[in-house]
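# sequence-free structure coming up:
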């Protein structure tokens, strides 16, 4: 325990009942098991002492005032779809769900923004934008994520190549600080140099700095057409070496993904989905958005010429939104397919300079062979973010799996660092990658991280044990 | 003084001579007057005790180690083109120029980035990108700014409507911390969720957190054509109410500026530049980028239809880069024109939600009348950033000017706050807006700012007295 936290007792629960409706407080034994972990139970299963479902910021403020005074850890929970073990009560205490704060407060047509509570789903926010004739581009695979969760993890996704990540769409954040004070980070303005950029610090902070109660997000004009290209290659090297060339075209593709034939095997086998071409070892899948058919045809022509020039065997065009969707559903099913094809999984979410993707992928193959762990690389070729999935096969003992995946991860992170990459591209640190952080970012950067945590959360009560570890006194010591 | 700083003596200078070449250390009396202030001497004229011109990060690291140990304030200086009094030695000490660290280290074609030392000029970076067939979009009016200065102030500029601000182009920062340690914030990757986003915290921190020694910036494909539209209106209300409509078109205009006839008068009178139309009271100037003439013609058609539908009297097309440049040179001459037309200036750089621009401009006119101070609003209609220039006319005594501009500023900031705006959109806080910060952002946010400053600079030796004030012990007290 980083801190001698107060253990919730009957008196505390009685106090919370004066703030929160009876039906929205669930005591330890009654808390459903799904709240003990996120999508990666591998990163820890922890029972909260109390589950509270808040319905507004005033409630959250009152809960935090009490928790701050009493020294009770609080972990905020959205939809629980994270992949880093971020939304779990590592040190017990309160699991504070914001999923009942799910009102979309409106689309502002003049400012082209949408304002929403944190518990609305990403899909609901995207739909509300679309209903207003506008477009919310961030699209991590998991569309049942809470929108607040996507902000505190700075969710990425495939369309980041053209449209950027969640960070690029957050105009304003209303939040409760660990001591209960309600503050606003920026407002509905498109540029801001008023003091330090704490809004961007909060984005991606994985619920360790403050609790989001409202966000205002930028929307853009909706592209009228979406087509996709499936581009087969004889080798992964040729496949990936096309990427920088695609990025230098006169327009920016919406998404550029790569996949290999073994991944397609798994998805087809377990999910009954069919990829339109199986002639080749490696594929690029490219998504294009345009407003007119004419514009689209020009884009396709340029992209196809670029790909063929770089060694592609063919370029298959999915020229309707529906056909395009079917291509992407195979890509979207990757994680599910890998899960179905293995007994357990570990994941490495490195991001490397786009020019280094091929080198990283080849190194990952070597590391796989060396340690006898099946490693599959899929991912966002357009932004260098390679989901490197480590899969447990039946022949491995638990001990072999544990020791060898650890050895693989250490080597994969070392490769990423050597290539100028980072530890995590979009899934975040949470618990899952915490043990690798200090070494990866270096001692001084880690101390800056610890100190920043303490600026917001001097008692270390908000989602403790995630992103950074603090010492036994909860202070920023060695 | 926020701190009992050490006053530089002969022994210190002797020490610096062991690190820095003789010819790059200038003692107090020999420091040119231009180093006593930036482009706004109104915000303070301060003589440094010592000017040091560094040539590499190792020198800076050594200087900072000594300054940290001895408690000597250090202020970094780029080209000195800031508008907030940011790069001045408010408390004496060392003025550390990085203008000799001006090497552009290369364009990385595969990652589409440029890496440069901080003292290269913005124009040089833009030219180097262009020579490589690529494009660096950020374009604040002042192209002789140092690139490092544009990063630490998160410079905006006209093209922000389509392309965003400097922040959107910074991939990686290498910097020296106040105690001399050299660190890297992120790397050449396009997404990153490895811990807290300190890179974005450093961007816009006005040299108060660390000293930039190298930056890597994103480049994009160069648009092939740039045209401009000059759109006359009978009233400023009609003019500005067109803006949200232009932003909802099927494409995003590169820039949307507004100007009024009195501003054009001043520029034409003092700078001998001619605006292509003088028939009307108010104008929008719209810049469009495209890759083909066909695409451009469609964009012009849609923009013209939108403007006419919203009450424009006409739409004048500048359909070559040259003609377009001549329109923009009038806009670019605004500040110079206003300076020539008045005895002294104060500036308010608020940003408001784009839907509130017209309301703000009308309020500014009322405030001008109420306090008898000439106020001119020009600016970035496309992003709600309105440069509100207060001009001293000959009939005003110094005392009237001082008291009344202060009253105007307080009211203008209150209007911005009421409309959901911010204190500064792109020029930053520096010294110039510091007295308004605490009240504007609120006590709690201000304390967060102070604490963040202390995380990086616990002795408050780096550019002290800018962005936030600290108490007499240099700590974050009241």
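Received, thanks. Values in this document were obtained by computation on a predicted structure and should not be read as measured data. Residues are numbered from 1 along each chain as shown, chains lettered A, B, ... in the order given.
# wondering if stretch A:429-440 reaches chain B at all.
Yes: using CB under 8 Å from any CB of the partner chain, a contact is recorded between stretch A:429-440 and chain B, made by A:429, A:437, A:440. C-beta coordinates here come from the backbone N, C-alpha and C atoms, glycine included.
# check stretch A:338-347 too.
No: judged by CB under 8 Å from any CB, stretch A:338-347 and chain B are separated, with a smallest distance of 13.2 Å.
# residues touching that stretch, excluding its own?
A:40, A:42, A:83, A:263, A:266, A:269-271, A:374, A:376, A:387-394, A:401, A:405, A:408-409, A:427, A:432 (CB atoms under 8 Å, 6 or more residues apart in numbering or on different chains).
# for stretch A:9-21, same thing?
The contact list for stretch A:9-21, computed with CB under 8 Å, 6+ apart, reads A:6, A:25, A:27, A:50, A:52-54, A:59, A:62-63, A:66, A:70, A:72.
# can you rerun that using 6 Å?
The contact list for stretch A:9-21, computed with CB atoms under 6 Å, 6 or more residues apart in numbering or on different chains, reads A:25, A:52, A:59, A:62.
# how many other residues sit next to the residue of the stretch 1-150 of chain A found nearest chain B?
The minimum distance from the stretch 1-150 of chain A to chain B, using CB to the nearest CB, falls at residue A:110 (3.5 Å). The number of residues packed around residue A:110, counting by other CB atoms under 10 Å in any protein chain shown, is 15.
# which ones among the contacts of stretch A:338-347 lie within strands?
A:374, A:376, A:387-391 (DSSP state E).
# filter those down to the buried ones and hand me the PyMOL line.
If you want just the buried ones from the ones in strands among the contacts of stretch A:338-347 in PyMOL, going by 16 or more other CB atoms under 10 Å in any protein chain shown, the selection is:
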select buried, chain A and resi 376+387+388+389+390+391
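# among the ones in strands among the contacts of stretch A:338-347, which pair sits farthest apart?
Spatial extent of those (CB to CB) is set by the pair A:374 and A:387 at 14.3 Å.
# what's residue A:220 in contact with, if anything?
By CB under 6 Å, 6+ apart, the contact list for residue A:220 reads residue A:135.
# can you give me phi and psi for it?
Main-chain torsions, residue A:220, degrees, to the nearest 10: phi -130, psi 170.
# hey, what's it bridged with?
residue A:135 (DSSP bridges).
# how much space between it and residue B:170?
Using CB to CB, to the nearest Å, one obtains 22 Å as the distance from residue A:220 to residue B:170.
# now residue A:462
Distance, residue A:462 to residue B:170, by CB to CB: 28 Å.
# the more surrounded of these two?
residue A:462 (28 against 24).
# what's near enough to touch that one?
By CB under 6 Å, 6+ apart, the contact set of residue A:462 is A:74, A:178, A:208.
# likewise residue A:253?
A:161, A:246, A:286, A:288.
# rerun at 7 Å
A:161-162, A:246, A:286-288, A:303, A:382 (CB atoms under 7 Å, 6 or more residues apart in numbering or on different chains).
# how about residue A:60?
A:54, A:96, A:176, A:211, A:213.
# hmm, back to that, name the nearest of the residues of stretch A:429-440 next to chain B relative to residue A:308.
Distance to residue A:308, by CB to CB, is smallest for residue A:440 among those, at 39.1 Å.
# grab the nearest non-local neighbour of that closest one.
Nearest residue to residue A:440 in three dimensions, chain neighbours excluded: residue A:423, at 4.6 Å (CB to CB, 6 or more residues apart in numbering or on different chains).
# hmm, that neighbour is touching residue A:415, no?
No: in this structure residue A:423 lies outside contact range of residue A:415 using CB atoms under 7 Å: 11.7 Å.
# now do the strand or helix carrying residue A:411: distance to the chain's middle.
Here residue A:411 sits within helix A:398-418, counting by DSSP states H and E. On the basis of CA atoms, centre = their mean, to the nearest Å, helix A:398-418 sits 21 Å off its chain's mean C-alpha point.
# and that helix, which residues are buried?
A:401, A:404-406, A:408-409, A:411-413, A:415-417.
# stretch A:134-152 now?
Result for stretch A:134-152 [16+ other CB under 10 Å]: buried residues A:134-143, A:145-152.
# from the stretch 201-350 of chain A, which residue is nearest to chain B?
Nearest to chain B in the stretch 201-350 of chain A, going by CB to the nearest CB, is residue A:244, at a distance of 4.2 Å.
# can you pull the contacts of that residue?
By CB under 7 Å, 6+ apart, residue A:244 lies in contact with A:354-355, B:110.
# mind redoing it with 8 Å?
Going by CB under 8 Å, 6+ apart, the list of residues near residue A:244 reads A:354-355, B:109-112.
# of those, which is the most crowded?
Neighbour tally across these (other CB under 10 Å): the maximum, 26 neighbours, falls on residue A:354.
# isn't it right up against residue B:111?
Yes: counting by CB atoms under 8 Å, residue A:354 touches residue B:111, with 5.5 Å between them.
# what residue ranges in chain A score low on pLDDT?
A:1-3, A:471-478 (pLDDT under 70).
# mind giving me the domain split of it?
As assigned by automatic domain parsing, chain A contains the domains A:10-98, A:104-221, A:225-335, A:342-418.
# most tightly packed of those?
Of the domains of chain A, the one with the most neighbours on average (mean count of other CB atoms under 10 Å in any protein chain shown) is domain A:104-221, at a mean of 23.
# quick check: end-to-end length of that domain?
Terminal residues of domain A:104-221 lie 19 Å apart, using CA to CA, to the nearest Å.
# just stretch A:88-105 next, same as before
28 Å.
# just give the nearest non-adjacent residue to the closest residue to chain B within the stretch 351-478 of chain A, would you?
Using CB to the nearest CB, the closest approach of the stretch 351-478 of chain A to chain B is made by residue A:355 at 3.5 Å. Computed as CB to CB, 6+ apart, the closest residue to residue A:355 that is not its neighbour in sequence is residue B:110, at 3.5 Å.
# can you pull out the helices in the stretch 301-450 of chain A?
Using DSSP state H, counting those that start in this stretch, the helices of the stretch 301-450 of chain A run over A:321-332, A:334-340, A:357-371, A:398-418, A:434-441, A:443-456.
# let me have these in a markdown table, extended by distance to residue A:188.
Converted to a markdown table, the helices of the stretch 301-450 of chain A look like this (distance: least, CB to CB, whole Å):
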| stretch | distance to residue A:188 |
| --- | --- |
| helix A:321-332 | 31 |
| helix A:334-340 | 35 |
| helix A:357-371 | 37 |
| helix A:398-418 | 37 |
| helix A:434-441 | 33 |
| helix A:443-456 | 23 |
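# hang on, residue A:300 in a helix?
Yes: assignment of residue A:300 by DSSP: H, G, I helix; E, B strand; the rest coil places it within a helix.
# check contacts around the closest residue to it other than its chain neighbours.
Nearest residue to residue A:300, sequence neighbours excluded (CB to CB, 6+ apart): residue A:317, at 6.1 Å. Contact analysis of residue A:317 by CB under 8 Å, 6+ apart lists A:227-229, A:300, A:304.
# farthest-separated two in these?
A:228 and A:304 (12.3 Å).
# which positions in the stretch 351-478 of chain A make contact with chain B?
Residues of the stretch 351-478 of chain A lying near chain B (CB under 8 Å from any CB): A:351-355, A:383-385, A:420-429, A:437, A:440-442, A:444-446, A:448-449, A:451-453, A:455-456, A:467-468.
# and the buried ones among those, selectable in PyMOL?
Only the buried entries of these go into this PyMOL selection, using 16+ other CB under 10 Å:
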select buried, chain A and resi 351+352+353+354+355+383+384+385+420+421+422+423+424+425+426+427+428+429+437+440+441+445+446+448+449+451+452+453+455+456+467+468
